[in-house]
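Student: Provided below for reference: sequence and predicted model.
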Amino acid sequence: MNPADEQARIAIREDTGRNMFVVAGAGSGKTTALINRIATLVLRDGVALANIAAVTFTEKAGAELRDRLRARFEEAVRDGHAVDEAERALTELDMAAIGTLHSFAARILMLHAIEAGLPPQLTPADEIGSGIAEEEEWNRALVRLLEDEEIRPALQRALLSVKMDKLEALYAALNKDWDLIDSHILRHPASELRVPDLRRVEGAVARLRQIRSYAAEHDDVVKHIDEALAWAEGLDGDDLARYETLQVADKALWEAVNDKGNLKRCGRATNWKSLGGGVEEAKGGLADIREVALEAASRAQTVVFETITRWMARQVLVAARERQRSGELTFQDLLVVARQVLRDRPEVAEALSHRFTHLLLDEFQDTDPIQIELAVRIAGGAAGAPHTDWRNIEMRPGSLFVVGDPKQSIYRFRRANIALYLEVQDWFRRSFGDSSIVELHTNFRSVPGVLGWVNHTFDGLISFIDGQQPPYLALDAPPGAVPDDGPAVTYLGWDQHDMKHQGNARELRELEAADVAGVIVRVMQEGRTVRDGGGRRPLRKSDIAILVPARTSLPMLRGALDAAGIAHRAEASTLLYLSEDVADLMLAVQAV
């Protein structure tokens, strides 16, 4: 019996002349679907493996894809099926464009280094090397920042409210998105760096001085008025002094005025009667100073950070151009420069469109948005180069295959964005029709009970939001899947424990560990069975794994398992190295 989505699997494998966007649920066999499509292209359609680019999310995924393709082509040779095509694919496999997005971008640049403005010999950094290079670059930029006399006043102002590590984070953010600096930052006119108009504050200060002249000395409010007036003296200095005064407005005036603009302590009301309600005037004066000062400080701070941001942005671009000249590119450089050469050089796009006639993008929900533009521009060739927006480029039928799962979109640090995923999906539908969207929803990884729980739970949690969240795609069990002989999911912690000391973390961990041990004892006593190959067998203790978020609870878990008579082994080897005996042994080995 075939799975419910068998027609989708056939389309992926057989309909190689169609551009396709595949929504593949977890455990639905998308790697197998990729392999089937590539095998059809090579063995049936006669496409050389050298003309196929398969972009994966990790190097490990790329290695797995390569190994499974090798097994498929070797099987074809043994079976006498398309032997010539299979043998040619085996000779091309080791050099095929199968790997991560960054390795594919590096391949593009190595093929067209001169056109990209790069030296013939590239030395792209790996992920760790990229991080080290960025840290070294910040250290060099920091020296220039401290030595630059023009930016120093803005730096002094900035450091009044933030620590240096915040500025380092700002530089890192600019570095990560340096391709957006020119359009998003430098093309916009700079704001003038000045302290805002403080006449309202100065008027409030003048009123407070008048009130202070007739307020009773023993009133509590006098202390607050004196503090506010002492703070206001800083407004008489130069721009830097005025800015420093504004920056501490919140701290200096908070003791006197609460968040509703009222004095916290006003003294005895009888002392104010003869002054005609002066206490209300004092309240208004202090509140007015605080409100206007904080507003002015916020506006001035915005201008200060804009000034520093623009300075850093220029430094980031200078460093990026230097890396391009030297050929020592970071991960982000590889993507940006590859895209740029495809935009600027139609002959490069045309040459790559002939070299890579079929592009397959895996884990599309978690990769950099530059990926789709690289693929479309390659598929579009020279005809697509004049288009500044890749969405307007026309592609050959069957040149682009995209697969992903929006429910697994988690890697925001790679600039992945679910909104882009949904936008590309809609673009496929508009450009190539509804038949270009294919769904795989049969899960071969989990038992029916787990799938039922997942569907029931997440169908209520994941709600459609246009442009932000696709509707939940339920997962189906494969045909003939044998139902479990007991609950697939057990909830712990619904009922509150009867604790001797409420809030005691150790006691709670011990109770939770006892719950876990109790579940294991129960399922063993019930005689549960598990799948094993094509049949089922009795559950063994070695089939059970306990996953914990931290090692803190391990001692309690081990104690509970021991008390229940459950043999176990802890895989957290780091605990072993913390023991005194092993520490002594390691010291002895180091000495030797």
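Tutor: Okay, I see it. Numbers count the residues shown, from 1 in each chain.

Student: give me the number of residues near Asp67?
Tutor: 11 (other Cβ atoms under 10 Å). (Glycine included, C-beta is placed from N, CA and C.)

Student: next up, the contacts around it.
Tutor: Listed by Cβ atoms under 8 Å, 6 or more residues apart in numbering, Asp67 has no contact partners.

Student: could you report the neighbour count for the closest residue to Ala53 other than its chain neighbours?
Tutor: Among residues not flanking Ala53 along the chain, Ala97 sits closest, at 4.0 Å (Cβ to Cβ, 6 or more residues apart in numbering). Applying other Cβ under 10 Å, we find 20 residues neighbouring Ala97.

Student: verify the stated contact: Ala97 with Ala48.
Tutor: No. Contact status for Ala97 versus Ala48: not in contact, 11.5 Å apart, counting by Cβ atoms under 8 Å.

Student: helix or strand right after the top helix by length along the chain?
Tutor: In the chain, with assignment by DSSP state H, the single longest helix is helix 278-326. Downstream of helix 278-326, the next assigned helix or strand under DSSP states H and E is helix 331-344.

Student: the helix or strand following that next one - contacts with which helices or strands?
Tutor: Next helix or strand after helix 331-344 toward the C-terminus (DSSP H and E): helix 346-355. Identification of packing neighbours for helix 346-355 by 3 or more Cβ pairs under 8 Å, 6 or more residues apart in numbering; DSSP states H and E yields helix 101-111, helix 331-344, helix 370-380.

Student: distance from the chain centre to helix 346-355, please.
Tutor: Relative to its chain's centre, helix 346-355 lies at 32 Å (Cα atoms, centre = their mean, to the nearest Å).

Student: neighbouring contacts of it?
Tutor: For helix 346-355, with Cβ under 8 Å, 6+ apart as the criterion, the contacting residues are 50-51, 108, 111-112, 115-116, 341-342, 377-382, 384-386, 396.

Student: and stretch 535-542, by the same measure?
Tutor: Val482, Ile520, Val523, Met524, Gly527, Arg528, Thr529, Val530, Ile566, Ala567, His568.

Student: if you set the cut-off to 6 Å instead, what comes out?
Tutor: The contact list for stretch 535-542, computed with Cβ atoms under 6 Å, 6 or more residues apart in numbering, reads Arg528, Thr529, Val530.

Student: repeat that for stretch 440-448.
Tutor: For stretch 440-448, the surrounding residues in contact (Cβ under 6 Å, 6+ apart) are 3, 5, 8, 24-25, 27-29, 451, 473, 475-478, 481, 483-484, 488.

Student: can you map out the strands along the stretch 1-150 of the chain?
Tutor: For the stretch 1-150 of the chain, the strands defined by DSSP state E, counting those that start in this stretch cover 20-24, 52-56, 97-100.

Student: could these go into a markdown table alongside distance to Gln121?
Tutor: Listed next are the strands of the stretch 1-150 of the chain as a markdown table, based on distance: least, Cβ to Cβ, whole Å:
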| stretch | distance to Gln121 |
| --- | --- |
| strand 20-24 | 38 |
| strand 52-56 | 23 |
| strand 97-100 | 20 |
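
Student: any stretches of the stretch 51-200 of the chain with poor pLDDT?
Tutor: For the stretch 51-200 of the chain, residues meeting the criterion pLDDT under 70 lie at 160, 191-197.

Student: so where's the stretch 451-592 of the chain shaky on pLDDT?
Tutor: 534, 572-579.

Student: swap in 80 and give it another go.
Tutor: Counting by pLDDT under 80, the stretch 451-592 of the chain shows low-confidence ranges at 467-468, 480-486, 493-503, 531, 533-535, 571-581, 583.

Student: show me the strands in it, by range?
Tutor: 529-532, 535-538.

Student: mind putting those into JSON lines with mean neighbour count?
Tutor: JSON lines is the format used below for the strands of the stretch 451-592 of the chain (neighbours: other Cβ atoms under 10 Å):
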{"stretch": "strand 529-532", "mean neighbour count": "13"}
{"stretch": "strand 535-538", "mean neighbour count": "11"}
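
Student: and the ones you listed as a markdown table, adding distance to Thr367?
Tutor: Output for the strands of the stretch 451-592 of the chain, formatted as a markdown table (distance: least, Cβ to Cβ, whole Å):
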| stretch | distance to Thr367 |
| --- | --- |
| strand 529-532 | 34 |
| strand 535-538 | 40 |
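
Student: ok so, going back, quick one: the residue nearest to Ala53 from Ile308, how far?
Tutor: Separation of Ala97 from Ile308 (Cβ to Cβ, to the nearest Å): 42 Å.

Student: thinking again about what came up before, close enough to count as contact, the residue nearest to Ala53 and Asn51?
Tutor: No. Ala97 lies out of contact with Asn51 (Cβ atoms under 6 Å); the separation is 9.1 Å.

Student: overlap in contacts of those two?
Tutor: By Cβ under 6 Å, 6+ apart, no residue touches both Ala97 and Asn51.

Student: what's Phe21 in contact with, if anything?
Tutor: Taking Cβ under 6 Å, 6+ apart, one finds Val402, Gln425, Phe428, Ser436, Ile437 in contact with Phe21.

Student: neighbour-wise, which of those leads?
Tutor: With neighbours taken as other Cβ under 10 Å, the top of these is Val402, carrying 25 neighbours.

Student: and Leu360, helix, strand or coil?
Tutor: Assigned with DSSP: H, G, I helix; E, B strand; the rest coil, Leu360 falls in the strand class.

Student: ok, how many other residues are close to it?
Tutor: Leu360 has 23 nearby residues by other Cβ under 10 Å.

Student: right, and it touches Ile52 too?
Tutor: No. Counting by Cβ under 6 Å, Leu360 does not reach Ile52; the two are 7.1 Å apart.
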